[in-house]
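S.K.: okay, sequence plus prediction incoming.
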Amino acid sequence: MWKRIDHQPKIKAGDGPQAGQFKELGPAQEPAVPHPLKLSEFQSFSVFEDISHHIKEEGAQLVKKVNAIFQLDITKDGKIILQWTIDLKTGSGDTYPGPARLPADTVFTIPEPVFMELVLGKMNPQKAFLAGKFKVSGKVLLGQKLERVFKDWAKY
C-alpha cells in the first residue's frame with residue numbers, strides 16, 4: 001500500500017532567521033539592454049512586410065497550392081530576435097509577426113544574415129540546410145513549397 005513520507009524537516013520554535021542573517025539589497029539595476037531594438041531596425045522585417053503584401057494579393061491561390069503554416073524564427077547570436085508566421089493553410093492566407101496561432105507545419109530557425117541571403121537568391125536553400133546554416137523542424141519537405149513562394153515574391 002501507499003506510505004506517506006514527509007521530506008520536509010520539522011520546524012521548531014526558535015528556528016527562524018537570526019539577527020544579521022539577511023542582507024539588505026540596493027535598488028534594482030538597469031536592464032542589460034538599455035533600449036529594446038525596434039522591429040524596423042532588422043533587414044528581415046522589411047522583407048516580411050513586403051511578403052505580407054504579396055500574400056494579401058495572391059493569398060487565395062497560394063493557399064490552394066501550399067496548404068501549410070510556416071513559422072520563421074529569425075536569430076541573432078543564437079537568440080530569437082524576430083518571429084514571423086506565414087499561414088498559407090487557412091482562409092486566403094496571412095502573414096503576421098509572432099508565433100503561429102495554429103500549430104505550424106514547419107518551423108525554421110534561421111540567423112538573419114542567412115535568411116537575407118536565402119530570400120535574395122544568393123544562397124541555395126537545400127545546400128544551406130545540409131551545411132547546417134539553419135534548422136528545420138516539422139515537415140521538412142514543405143520547405144520546398146515555401147521556397148517557391150519566396151521565388152514568386154521575388155518576381156513580384
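M.R.: Yes, it's here.
S.K.: measure the residue nearest the centre of the chain to residue 58 for me?
M.R.: Geometric centre of the chain, nearest residue: residue 73, 2.9 Å, by CA atoms, centre = their mean. Residue 73 sits 24 Å away from residue 58, going by CB to CB, to the nearest Å. In this view, the C-beta of every residue, glycine as well, is placed from N, C-alpha and C.
S.K.: what stretches of this structure score poorly on pLDDT?
M.R.: 1-41, 156 (pLDDT under 70).
S.K.: send the alpha carbons of the longest helix along it over as CSV?
M.R.: For the chain, the helix with the greatest residue count under DSSP state H is helix 43-66. Below are the C-alpha coordinates for helix 43-66, written out as CSV (Å, rounded to 0.1, in the frame of the first residue of the first chain):
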residue,chain,number,x,y,z
GLN,A,43,16.7,43.9,-42.6
SER,A,44,14.3,40.9,-42.5
PHE,A,45,11.5,43.0,-41.1
SER,A,46,11.0,44.8,-44.4
VAL,A,47,11.2,41.5,-46.3
PHE,A,48,8.3,40.1,-44.2
GLU,A,49,6.3,43.3,-44.7
ASP,A,50,6.7,43.1,-48.4
ILE,A,51,5.9,39.3,-48.5
SER,A,52,2.8,40.1,-46.5
HIS,A,53,1.6,42.5,-49.2
HIS,A,54,2.2,39.8,-51.8
ILE,A,55,0.3,37.2,-49.8
LYS,A,56,-2.7,39.6,-49.4
GLU,A,57,-2.9,39.9,-53.2
GLU,A,58,-2.1,36.3,-54.1
GLY,A,59,-3.1,34.5,-50.9
ALA,A,60,-6.1,32.5,-52.1
GLN,A,61,-4.1,30.9,-54.9
LEU,A,62,-1.2,30.3,-52.6
VAL,A,63,-3.4,28.6,-50.0
LYS,A,64,-4.6,26.1,-52.7
LYS,A,65,-1.0,25.4,-53.8
VAL,A,66,0.8,25.3,-50.5
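S.K.: now it, how far from the centre of its chain.
M.R.: 18 Å (CA atoms, centre = their mean, to the nearest Å).
S.K.: can you tell me what sits against it?
M.R.: Outside helix 43-66, the residues that touch it by CB atoms under 8 Å, 6 or more residues apart in numbering are 39-40, 74, 82, 84, 86, 88-97, 112, 115-116, 119, 142, 145-146, 148-150, 152-153, 156.
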